[in-house]
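S.K.: With the sequence up front, the predicted model follows.
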Amino acid sequence: MAVTAHHSPADTVARVDRTALKVNQAAIITLLLIAFVGNLTWLVALVAAVMVVGTINPQLALFQRLYHAILKPAGWLKPDLHVEEPAPHRFAQGMGGSVLVVAALALFAGLSLLGWALTLLVVALAAVNLLFGFCAGCFVYFQLARLRREG
């Protein structure tokens, strides 16, 4: 998830590049809206696959690779590094990817209302994150962590 590690003798601090996260969110929103408008079920499945693969192996996060390989080196976008753990962001991406897997399965099964509703839910949550900086998946991650500590 757009993470670079800074190693010091005492500890390792993870840095998250929020610009890479925003590129990821913008790509997800754009492609899913194109899928909805064009009734392109295969595109929902593709975005789901990209998100799931990127969750499992952050080095393969295609939309963030676009940022790191093209947009940042060209100077079109600047890094926005923050010292924070990448796990909540990965969890959020995994949640979104899982919802899109269900959406794609529903669309392929002819359950259009359910499939597009789930797709647009992912669009809405990604848009809230992109525009307002509130990550619903990160919120769920932290609430689950709190419950584990209390339980």
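M.R.: That came in fine, so what should we check first? Residues are numbered from 1 along each chain as shown.
S.K.: how far away is the closest residue to residue 53 other than its chain neighbours from residue 49?
M.R.: Excluding its sequence neighbours, the residue lying closest to residue 53 (C-beta to C-beta, 6 or more residues apart in numbering) is residue 60, at 5.2 Å. Using the backbone N, CA and C atoms, a C-beta is placed for each residue, glycine as well. According to C-beta to C-beta, to the nearest Å, residue 60 and residue 49 sit 11 Å apart.
S.K.: any idea whether the residue nearest to the spatial centre of the chain is helix, strand or coil?
M.R.: Per C-alpha atoms, centre = their mean, the C-alpha nearest to the average position across the chain is that of residue 93, at 3.7 Å. Here residue 93 is recorded as helix under DSSP: H, G, I helix; E, B strand; the rest coil.
S.K.: what's the distance between it and residue 105?
M.R.: Distance from residue 93 to residue 105, by C-beta to C-beta: 19 Å.
S.K.: Equivalent analysis for residue 42, please.
M.R.: Distance from residue 42 to residue 105, by C-beta to C-beta: 13 Å.
S.K.: For those two, indicate the residue with more neighbours.
M.R.: Taking other C-beta atoms under 10 Å, residue 42 and residue 105 do not tie; residue 105 has more neighbours (17 against 11).
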